[in-house]
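>>> Sharing a model prediction with you, sequence too.
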Amino acid sequence: MFGFALWSIVPLDRNVLGREGLRLGLDLAGGSYLVYQADLSGINGTEDEIMDGVKGVIERRINALGVTEPVVEIQKHEGEYSIAIQLPGIADIEKARETIGLFTVLEFREQDNEGNWVPATGIVTVNGTEKELVLSSRYFKENTYVTVSQTTTEILLVFEMDETGAKLFKQISTRLLGKQLAIFLGDEPLRGEDGTIIAPTVQAVIEDRGQITGLSLTDAEELRRVLNAGRIPVPLGSYVNGVFEPSVPLYERTVDATLGADSIHKSILAAVIGIVLLLLFMILYYRLPGLVACLSLGIYGVVLLAIFKLVPVTLTLPGVAGFILSLGMAVDANVLIFERMKEELRGGRSLAAAVEAGFNRAWPAIRDSNITTFIACIVLFWLGGTLGAFMVRGFALTLFIGVALSMFTAIVITRTFLRLITGSQLITNPAAYGVTQFPAKRGT
Amino acid sequence: MIDLVGKKQWFFLISGILIVAGIISLAVFGLKPGTDFAGGTSMTFQFSPPVEQSQLREEMAKLGYDKATIQNAGEGSFIIHIGEITSDEANDLAEKLGAELDSQVEITDYYSASPTVGAETARNAGIAVIIAAVAMLFYIVWAFRRMPSPFRWGTCAVIALIHDVFIIVGIFSILGWLAGVEIDALFITGLLAVVGYSINNTVVIFDRIRENTSRHISPDFAVTVNSSIVETLGRSLNTSLTTLFVILALFLFGGATIHYFVLVLLLGVIIGTYSSICISSQLLVVWEKREWRALLPFAKRTAQ
């Protein structure tokens, strides 16, 4: 038993070498969590394939941004597909927004007779069916580049179109020869550095490849970045009252890293104060067994952190609260046992017998009572699968692991320590066990 | 030995008053749903140098956001919940507030959810509470299956559970009215954790009643229950104290983000301990002795 207790300590020396080993959620580390719904009307291919495609594109794009440990997941909420993106480390809200901007589809627009910009459309046969499609960045191959013309030293933005795009662009550029095409993000035209609308004039019929001239270097670079990034097969946004709003996330949470650091700092302070109070109380009230409980609580805390790291459990702020709460509750099993032990001692049992009886009699209560907490945790874990409540999972998980482990430490570790002490006959003073008032009742 | 069972009418009266007060507050003021449930945008603005909450409220009203909920998070930072606004509007608002209040503004936490998400979360939270209550009822019936009428034990524990939930929800309804406190997914989390904790306490006492009944310590069930409560009193209070120590530390030093979540836990541990000592086991006695007539006004209120 003691060997087992020791064994559980050993891996800690290697695994818990400070907090940096723990995985922190975005509310502690800073970062963004974004969820978009996909507009799957007007797609070809199965929904799953399309969503996999979207996921792949977003992953590549995030990797290009140099975000560490991004998580991109396809979720299904009530039959609607959505994509959840976690960007730890992008703590700057502006930067996160910029990343969101990258996900949007750029639309090409032409002027109607009144001079209003309307989407430039063409009718294209896709997979045997005719469709009216809007020329947009999603038909651009991701190999757009900026170069300088060798003859005129003008800046050139060179692009290639995919199959559908080539057909579409051919129709549109034939129709609009000599006219302007503007590039829109939502309902806003893209503007150059000088604030004027970027609206190149169509100078030739464009099919599978073309170039845009007359842009400044900065504008060309910016447009290249967006065009290369904009090739997501479906628009992402959210449905608001049944209407699809492009680029409005269904759910967004962005936390600044300094706020996260502040939360960590405050949680640690609270944990230290709480634990010191707890230990003082245990030692003053239960004396020697209390001290033993403190030791096993120490082991408990270290093992718990090791589990968090090894699983790994992502620690969120509610999760830290769950951890601290489980420390308070972990003492419960010890309290149950010690109260039982005191009763047995007062009832006239010998020390060793009281220890054994205390553990054996307290076990059903410990087992039965903790199961209700497990039920609560399991239900909460399910609730945490809901988008708006994803922070709840951290709490449910840490509390569950914490309570399960607390049963183990109380039964195995505290008992081992107490057996060692009573068995070795080192401390036989009843005062040490908190029963000073009843020395006469001590039997053999 | 303290006679706790003999004082049960008083406990029922106190709980009855608390629950009725809570229900009245719920009926009159309702609960303020936070971003999790209502959708919309919630942001933390960090002002340096710090500004007064009243100043901020005034400026917000001038800019047309008079319905916004503002919570002071300390050190110049405020948590603001607004109906739906876009991220551009949010930046705009921050800029204008900074200019008007002559302070640097930074949005340190930006959170927005569509109302669709909110409705789904609210519905699931309701389902979660019901599933938890039913699962715990079944569990206790199972755990006490060898006792005569195990269903009675389960029902008494669940009534105590509902008692706790009503009092806490009532308090938050009053807090929502007084201080604009909103309920969110973490509120439900705290509530369920507390429910688990309260039942945990109840089960420990029930366990002792089970043991004492099989040892036939007294022919009178009321005496058996009373000595079971008194015998486990040390444990009940000490466990609650150790838990309260850590929760109190979190409440006082843990920061604004989880302040109300921790408040739910704090209230829940106190009320849960009270209900397991003073309500659930006492109900068991009332049921066993069929003292319904004498207790009807009180018992009825507790069972609501």
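Done, it's in.
>>> For the stretch 101-250 of chain A, which residues are neighbours of chain B?
A:238-240, A:248-250 (C-beta under 8 Å from any C-beta of the partner chain). Where you see a C-beta, it was placed from the backbone N, CA and C, and this is true even at glycine.
>>> and those residues, which are buried?
A:238-239, A:248-250 (16 or more other C-beta atoms under 10 Å in any protein chain shown).
>>> Let me see the contact set for B:Ser198.
Neighbour list for B:Ser198: B:160-161, B:164, B:268, B:271-273, B:275-276 [criterion: C-beta atoms under 8 Å, 6 or more residues apart in numbering or on different chains].
>>> where does it land in three-state SS?
helix (DSSP: H, G, I helix; E, B strand; the rest coil).
>>> just B:Thr41 next, same as before
strand.
>>> what's the burial count for it?
By other C-beta atoms under 10 Å in any protein chain shown, the residues close to B:Thr41 number 22.
>>> what do you get for A:Leu310?
12.
>>> so how far is chain B from it?
Distance of A:Leu310 to chain B, given as C-beta to the nearest C-beta, to the nearest Å: 24 Å.
>>> Let's see the pLDDT reported for A:Gly242.
As predicted, A:Gly242 sits at a pLDDT of 76.
>>> Equivalent analysis for A:Thr422, please.
Looking at A:Thr422, the pLDDT reads 75.
>>> Same question for B:Val20.
93.
>>> three-state assignment of it?
Here B:Val20 is recorded as helix under three-state DSSP.
>>> and B:Gln46, that one's in a strand?
Yes. Remark: B:Gln46 belongs to a strand, assigned using three-state DSSP.
>>> Next up, the contacts around it.
A:256, A:259, B:76-77, B:105-108.
>>> filter those to the buried ones?
A:256, A:259, B:76-77, B:105-108.
>>> Nearest spatial neighbour of residue 267, chain-adjacent residues omitted?
If you meant another chain, say so; for now it's chain A. Excluding its sequence neighbours, the residue lying closest to A:Ser267 (C-beta to C-beta, 6 or more residues apart in numbering or on different chains) is A:Val320, at 4.6 Å.
>>> Actually, chain B is the one I wanted.
Nearest residue to B:Leu267, sequence neighbours excluded (C-beta to C-beta, 6+ apart): B:Ile168, at 5.4 Å.
>>> buried sites along whichever strand or helix holds that neighbour?
For B:Ile168, the host element (DSSP states H and E) is helix B:150-179. Using 16+ other C-beta under 10 Å as the test for burial, helix B:150-179 gives B:152-176.
>>> Repeat that for stretch A:348-355.
A:349, A:351, A:354-355.
>>> among the residues you listed, which are in helices?
Judged by DSSP state H, these include A:351, A:354-355 as members of helices.
>>> Do you know the pLDDT at residue 157?
I'll assume chain A. 88.
>>> Can you look at chain B instead?
So, for B:Ala157, pLDDT stands at 90.
>>> circling back: which of the buried ones among the residues of the stretch 101-250 of chain A next to chain B fall in helices?
Residues of these located in helices (DSSP H): none.
>>> Dump these to JSON lines, plus distance to A:Pro364.
Formatted as JSON lines, these follow (distance: C-beta to C-beta, whole Å):
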{"residue": "A:Ser238", "distance to A:Pro364": "51"}
{"residue": "A:Tyr239", "distance to A:Pro364": "52"}
{"residue": "A:Val248", "distance to A:Pro364": "55"}
{"residue": "A:Pro249", "distance to A:Pro364": "50"}
{"residue": "A:Leu250", "distance to A:Pro364": "47"}
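>>> Tell me which residues of stretch B:123-134 come out buried.
B:124-125, B:128-129, B:131-133.
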